[in-house]
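Enquirer: predicted model and sequence follow; I will ask about them next.
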Amino acid sequence: MVIKQAKEVLKIEAQSILDLVERVGPEFERAVDMILKAKGRVILTGMGKSGLVGRKISATLNSTGTPSLFLHPAEAIHGDLGMVTPDDIVIAISNSGHTAEVNTILPMLGKIGARIIAFTGGLDSPMAKASDIVIDVGVEREACPMGMAPTASTTAALAMGDALAVALINLRRFNQDDFKKFHPGGILGERLTIKVKEVMLTRDHIPMVQLGSKVKQAIEEINAKNLGATLIVEKNKKLVGIITDGDLRRALTRYKNIHEINVEDITSPLVKTINENQTAAQALELMELNAITHLAIVDRQNRVKGLVHLHDLLGREEFRVNGSFNPTTGAHR
């Protein structure tokens, strides 16, 4: 019974979208053209579930190159109308077109000079009559068995919003590089799937000092590589430990002249390591778990192969690899 009901809901909602296909015509084209020519933003408004749909459409527009915001109709009459300018386009959403809060603000928006696009199934409603363009998003019935809870109607409105956003994407020639500018979190996600060996510092870029060296040499190496730490290794590059800026500060309180003491006197042997074939996400997790900013990359004999810094995963615009790594193009420079 449950599965049958679920399938029925999906069929009703799917059909509500398919029914919109034949209604996309000159009014939709006018709406797209109006938004393209507008000097202002696209402002979404709606109450209840329609308001939630409006917020989602606004978010989609913002992330695809069309500046947008959501205006709550109830808050609008208490001062938020001040955010609307004559250059803005308002998209009002209401299945019936009789939503009181929305209809209250539409004349005010018109007086400001903003042009109004209605997403509604009430083509003869007050909302439709107060709008410059009416986009029909009406549905034959809701998926709710009582016909009361907004279900198919909100799905239809949301789908029409997506259709509008995609049309604008194509006409604005909005591309993948543009999208990534608005989705730095997405870029981070892309980065973190890369293997450690693709982002680690290697060869001469690794701060490294031989066991038995003086701390002065370690300080010089830290300054030269500018990573806030240096690895301590034996002659065959076998990892012994690490000296960080913190280790140096603590040493200053214990030794009168730290420059002339040996590195092993202040080296921390508890350096964390990772395999080069593990992902950047795994490296980040290990850093967070141990509250550290450096990870050494070693082979099975514990010989140093590389080093990765937390800032290379999070804080810099690009990964650094023997210079740098561009996460967008995959190019080493």
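Expert: Done, it's in. Numbering: from 1, shown residues only.
Enquirer: can you pull the buried residues of the helix or strand hosting S153?
Expert: Per DSSP states H and E, S153 falls inside helix 152-172. Across helix 152-172, burial judged by 16 or more other C-beta atoms under 10 Å covers 152-161, 163-165, 167-169. (Each C-beta comes from the backbone N, C-alpha and C, glycine too.)
Enquirer: and that helix, C-alpha only, in PDB?
Expert: Extracted in PDB, the C-alpha atoms of helix 152-172 (Å, rounded to 0.1, in the frame of the first residue of the first chain):
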ATOM      1  CA  ALA A 152       2.400  19.100  -7.100                       C
ATOM      2  CA  SER A 153       1.800  22.800  -7.300                       C
ATOM      3  CA  THR A 154       5.100  23.700  -5.500                       C
ATOM      4  CA  THR A 155       6.900  21.100  -7.700                       C
ATOM      5  CA  ALA A 156       5.600  22.700 -10.800                       C
ATOM      6  CA  ALA A 157       6.600  26.200  -9.700                       C
ATOM      7  CA  LEU A 158      10.000  25.000  -8.800                       C
ATOM      8  CA  ALA A 159      10.500  23.400 -12.100                       C
ATOM      9  CA  MET A 160       9.400  26.500 -14.000                       C
ATOM     10  CA  GLY A 161      12.000  28.400 -11.900                       C
ATOM     11  CA  ASP A 162      14.700  26.000 -13.000                       C
ATOM     12  CA  ALA A 163      13.600  26.400 -16.600                       C
ATOM     13  CA  LEU A 164      13.900  30.200 -16.300                       C
ATOM     14  CA  ALA A 165      17.300  29.900 -14.700                       C
ATOM     15  CA  VAL A 166      18.600  27.500 -17.400                       C
ATOM     16  CA  ALA A 167      17.400  29.800 -20.100                       C
ATOM     17  CA  LEU A 168      19.200  32.700 -18.500                       C
ATOM     18  CA  ILE A 169      22.400  30.500 -18.200                       C
ATOM     19  CA  ASN A 170      22.500  29.900 -21.900                       C
ATOM     20  CA  LEU A 171      21.700  33.500 -22.900                       C
ATOM     21  CA  ARG A 172      24.300  34.900 -20.500                       C
END
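Enquirer: what's the distance between that helix and the middle of its chain?
Expert: Taking C-alpha atoms, centre = their mean, to the nearest Å, the mean C-alpha location of helix 152-172 is offset from the chain mean by 20 Å.
Enquirer: now for that helix, which elements pack on it?
Expert: Other helices and strands packing on helix 152-172, by 3 or more C-beta pairs under 8 Å, 6 or more residues apart in numbering; DSSP states H and E, are helix 2-21, helix 26-37, helix 48-63, strand 115-120.
Enquirer: please enumerate residues in contact with it?
Expert: With C-beta atoms under 8 Å, 6 or more residues apart in numbering as the contact definition, helix 152-172 has outside contacts at 12-13, 15-17, 19-20, 24, 28, 31-32, 35-36, 49-50, 52-53, 56-57, 60-61, 64-66, 91, 93, 95, 119, 121, 135, 137-139, 141-143, 174.
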